[in-house]
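Q: whatever this is, show me its structure:
(2 chains)
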Amino acid sequence: MPVTNEDIAKIFDQIADILEIKGDNPYRVRAYRNAARIVGGLTQDLCELVERGEDLTKIPGIGDALAKKIVEIVKTGSLRKLEELKKDIPPGLLDLLKIPGLGPKKVRALYEKLGIENLEQLKQAAQEGKIRALEGFGARTEHKILEEIDRVKKAKSESRILLSHAEKIAGHLVEYLKSGGGIREIQVAGSFRRRKETVGDLDILVISDNPALVMDNFVAYDVVDEVLMKGETRSSVVLKSGVQVDLRVVPEDSYGAALQYFTGSKAHNIAVRKIAQKEGLKINEYGVFRGEEKIAGATEEEVYAAVGLPWIPPELREDRGEIEAALEGRLPNLIELRHIRGDLHTHTNWTDGHNTVEEMALAAKSLGYEYIAITDHSKHTTIAGGLDEAKFREQIEQIRRINEKIDGIRILSGVEVDILEDGSLDLPDELLAEFDIVVAAVHYKFDLPRDRQTQRIIRAIRNPNVDILAHPTGRLIGERKPYEVDLEEIIKVAARTGTVMELNANPQRLDLTDIYCKFAKEMGVRIAISTDAHTADSLNYMRFGIGQARRGWLEPDDVINTLPLDKLLKFLHR
DNA sequence: GCCGTTTTCGGCCCGACTGTTTTCAGTCG
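A: Predicted coordinates for the structure are as follows:
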């Protein structure tokens, strides 16, 4: 099994954890964490780079030492250094870091003084009252450990929530806080504002003349499960849903600085502050300072301007080249929801959708769209009631009639045709040529070997009738992993065949991911942002696709459903 | 461990809150 970039990132993170517990140089620890983040965000497969003998030290954050380690991991599947470190520190000890309040120093003390090596032993020691006796620990800490330990064990896997879920939680909480009074300005920052596909916790920022009132209201919110901390300017709670929410109250003239600070990402902020440092400036959540003098802080624009940068859209703030682009004046003009003129992947009650063709069309019209493509399943997807050729011809005819009947929206007759195991399609070419648009997708045999899966999809997109490759990795966030496939290769082929890649806007799918959006753009491949709506209401998923597209640096011209109808049809050669 | 037209050595982002303390280290974001 080839080593993935994620495997390498995980190894570096583990090393960072262990070094931290050992009390190693914190800057070395940071270098490993930084490397893990960078490796995880690369589009290019490190295995391939190593195979081609590329110079890995060209990757920022990777020096000689880490480059050698990457080569070793790729060639042997493991890293001697990590194996050595594991001899010093039992692996179970790393789980202790997940308990809030326990950091590397405390974990080390528990290990050295009490011989605790894992969560189970920690629980036992706490129950026996041994922990409160340790220097630097007390009864409260011991109590807290007992409280948290089961929660951590339970949530050991994945605790991030979908952005769509976060929107609901944040929406309610913001309304509640507003109704309690004392709020002059309120905004959700963090990864939520960066429109990341999943959100770990919510960061809410408030301007208030009465911080105490806001904080009191916050901790009294009826779905608060636990108050982690409560202060004048900062409080944290865990909601019953398990989501952590941090609330910060800042003065008005610091709002921009605080918003910038708490929007992150951490990596982006560090990069910005490094620039500030070179200019002899200091940035914190209260503003930009030259010595004692505050020179910016009320707005984000001001903060960026103070360090010589234009305002950078939150979705780009990942330290993936946006700082360099900003410095050189080549930030993209990112796509916005208002640019979208239609939806190119939707379902109706002809198959597994809930609404009629007409209902879907009218819903699209009410969103201000010019067109909507109806793309029901083909017969192989039996579970969805996929249509055969005769049924599709009936549907095409129905769509023609409805188009005559209603104004202000054009319904495109389309299909989401199954890509069969050998890469052929589930419908004959003659029929495919009759549709306005053909979307092709994999719906079964997710477990083919990487090479066969890749070739399967490449064969499908080489069919000139195929316009769009839908949900190209088949993942369902939190439920189903993406299937093994060489997406980079597929995108390269798509560049030659003129095939469009779909960014599926369903909040649980959102493939292409941001990094592949950016890669596709760089390869000159166009994107369709489509909702895959199975109900009229879920046409509103478009905003999630837009968020991901913006994270992937996409501009209106990169996305085909920003085209007016006539240009779209021309693009599709129909 | 990374990085560098001010540096190949000496830097490396910054502040709030908590608990255990009597002035602060550790943790967290």
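Q: who touches A:Ala267 in this structure?
A: A:Ala267 makes contact with A:Asn34, A:Arg37, A:Glu318, A:Asp319, according to CB atoms under 8 Å, 6 or more residues apart in numbering. For the C-beta atoms, the positions are set from N, CA and C on the backbone; glycine is no exception.
Q: farthest-separated two in these?
A: A:Asn34 and A:Glu318 (12.9 Å; CB to CB).
Q: quick one: which helix or strand includes A:Asp17?
A: helix A:5-22 (DSSP states H and E).
Q: buried sites along that helix?
A: When burial is assessed from 16 or more other CB atoms under 10 Å, helix A:5-22 yields the following buried residues: A:5, A:7-9, A:11-21.
Q: give the buried residues for the next helix or strand after it.
A: Moving toward the C-terminus from helix A:5-22, the next helix or strand (DSSP H and E) is helix A:26-40. Neighbour-count burial for helix A:26-40, counted by 16+ other CB under 10 Å, picks out A:Val29, A:Ala31, A:Tyr32, A:Arg33, A:Asn34, A:Ala35, A:Ala36, A:Arg37, A:Ile38, A:Val39, A:Gly40.
Q: relative to DNA strand B, which of those residues is nearest.
A: For the buried residues of helix A:26-40, the residue nearest DNA strand B by CB to the nearest atom of the strand is A:Ala31; the value is 3.5 Å.
Q: wait, that closest one touches A:Asp64, no?
A: No - counting by CB atoms under 8 Å, A:Ala31 does not reach A:Asp64; the two are 12.0 Å apart.
Q: hey, which helix or strand in chain A has the poorest pLDDT?
A: Every helix and strand in chain A was compared by mean pLDDT, DSSP states H and E; the lowest is helix A:139-154, with a mean of 81.
Q: show me how far the next helix or strand after it is from its chain's centre.
A: Counting by DSSP H and E, the next helix or strand C-terminal to helix A:139-154 is strand A:161-162. Taking CA atoms, centre = their mean, to the nearest Å, the mean C-alpha location of strand A:161-162 is offset from the chain mean by 10 Å.
Q: now the residue nearest the centre of chain A. Nearest residue, chain neighbours left out?
A: Nearest residue to the geometric centre of chain A (CA atoms, centre = their mean): A:Glu197, 3.2 Å. Leaving out its chain neighbours, the residue that sits closest to A:Glu197 by CB to CB, 6 or more residues apart in numbering is A:Leu510, at 4.8 Å.
Q: residues in contact with that neighbour?
A: Going by CB under 8 Å, 6+ apart, the list of residues near A:Leu510 reads A:Glu197, A:Ile477, A:Leu503, A:Asn504, A:Phe544, A:Gly545, A:Gln548.
Q: surely A:Ile372 and A:Gly414 touch.
A: No - with contact defined as CB under 8 Å, A:Ile372 does not count as touching A:Gly414 (9.5 Å).
Q: residues near the closest residue to DNA strand B within the stretch 251-400 of chain A, how many?
A: Ranking the residues of the stretch 251-400 of chain A by distance to DNA strand B (CB to the nearest atom of the strand) places A:Asn284 first, at 3.6 Å. Per other CB atoms under 10 Å, the neighbour tally for A:Asn284 reads 14.
Q: for it, phi and psi?
A: Dihedral pair for A:Asn284: phi -140, psi -170, per degrees, to the nearest 10.
Q: that one contacts A:Gln260, doesn't it?
A: No - here A:Asn284 does not reach A:Gln260: they are 10.4 Å apart, not a contact under CB under 8 Å.
Q: for chain A, give me the ranges with low pLDDT.
A: Low-confidence segments of chain A, defined by pLDDT under 70: A:1, A:153-158, A:574.
Q: in terms of residue numbering, what are the domains of it?
A: Following automatic domain parsing, chain A resolves into domains at A:5-158, A:161-249, A:261-327, A:337-571.
Q: can you put those in a markdown table and add distance to A:Tyr255?
A: Converted to a markdown table, the domains of chain A look like this (distance: least, CB to CB, whole Å):
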| stretch | distance to A:Tyr255 |
| --- | --- |
| domain A:5-158 | 28 |
| domain A:161-249 | 6 |
| domain A:261-327 | 6 |
| domain A:337-571 | 23 |
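Q: return the most buried member of those domains.
A: domain A:337-571 (a mean of 20; mean count of other CB atoms under 10 Å).
Q: gap between the two ends of it?
A: End-to-end distance of domain A:337-571: 21 Å, with CA to CA, to the nearest Å as the criterion.
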